[in-house]
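> Sharing a model prediction with you, sequence too.
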Amino acid sequence: MTGWIKLHRQFLKWEWYDDFNVWKLFLHCLLSANYEDKKWHGVLIKRSEFVTSQKKLALGTKLTIRKIRVALNKLKMTGELTIKTTNKFTLVTVNNYTEYQSNDRQDDKRVTIKRQSNDKQVTTTKEYKNVKKKRYTDKNFSLKEVSEKLIQAFNLHLKRKFKLSSGLLPNIEYWLETYEPKEIEEAIKNIEYDDFWKDKMTPTILFRKKNPQGEPVDYISQLLVKNTT
């Protein structure tokens with residue numbers, strides 16, 4: 001890969017600038033995103049998109065897969081990235097990519113990142129193979145059994161008497177696409193050490209996809225961060 005990037009000083013004011021793992025991953029995504037539309041395995045990968053996996057991101061950034069998961073969820077939560085996973089590959093989209101690639105030097109509100117080459121524009125679609133969507137498919141335990149264990153972890157660590165409701169299963173399944181059951185149990189264990197959540201957290205809140213204002217949330221990553229710093 002050739003070329004260079006131009007990073008505006010406004011980047012210093014970005015909300016995740018003080019989080020090393022998040023800004024390192026985000027810059028990696030900016031560098032990896034397609035500069036122009038390109039086909040890969042018969043699929044059109046558009047400008048601002050690229051095909052990857054958590055393992056590839058970990059190798060590219062030298063971060064652990066666990067730290068990649070937490071950073072990805074932060075970037076999804078604040079709208080920097082959109083991630084679409086199919087049964088064949090994972091597609092990452094850098095939202096507002098055109099704004100980051102703007103040539104307008106007058107606009108100080110933009111983070112202008114520009115890649116150039118001497119003779120041609122560089123595209124960076126990589127042919128990652130066998131990248132499959134992670135779903136809970138443990139043959140030893142059903143989704144309900146795993147969910148019940150997670151509720152038991154709540155009751156054990158928080159000294160409560162929560163019960164598993166059928167309405168909670170879809171949300172638990174959703175988060176199991178990102179986190180291993182043991183990671184969720186660790187997040188639950190950390191609740192008792194969180195001054196804000198220890199008296200407020202419930203299974204319904206923990207496994208929410210959005211807060212009451214309709215904004216995406218990931219309370220699991222927030223609780224895991226306590227042991228990743």
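Cool, got the structure.

> Do I have it right that Phe207 meets Glu173?
No: the pair Phe207 / Glu173 is not scored as a contact, 9.4 Å apart, by Cβ atoms under 8 Å. All C-beta atoms are positioned from the backbone trio N, CA, C, and that covers glycine.

> Same drill for these two, tell me which one is more crowded.
Set side by side, Phe207 and Glu173 show more neighbours around Phe207, with 21 against 15, by other Cβ atoms under 10 Å.

> Secondary structure element holding the closest residue to that one other than its chain neighbours?
With sequence-adjacent residues excluded and distances taken as Cβ to Cβ, 6 or more residues apart in numbering, Phe207 is closest to Asn171, at 4.1 Å. Assigned by DSSP states H and E, Asn171 falls within helix 169-176.

> could you give the mean pLDDT of that helix?
Helix 169-176 shows a mean pLDDT of 90.

> same check, this time on stretch 44-52
If you average the pLDDT values across stretch 44-52, you get 90.

> One more: stretch 71-87?
Per-residue scores along stretch 71-87 average to 87.

> starting at the chain centroid, how far to it?
Taking Cα atoms, centre = their mean, to the nearest Å, one finds stretch 71-87 lying 4 Å from the centre of the chain it belongs to.

> now do the same end-to-end measure for it.
With Cα to Cα, to the nearest Å as the measure, stretch 71-87 spans 23 Å from end to end.

> Identify the residues contacting it?
With Cβ atoms under 8 Å, 6 or more residues apart in numbering as the test, stretch 71-87 has contacts from 15-16, 19, 21-22, 24-26, 29, 54, 57, 63, 90-96, 132-134, 177-178, 215-218, 220-221.

> what's the answer for stretch 162-172, then?
Residues contacting stretch 162-172 (Cβ under 8 Å, 6+ apart): 143-144, 146-148, 150-151, 154-155, 202-204, 207-209.

> Now rank those by neighbours and give me the top one.
Within those, most neighbours by other Cβ under 10 Å means Ser147, with 25 neighbours.
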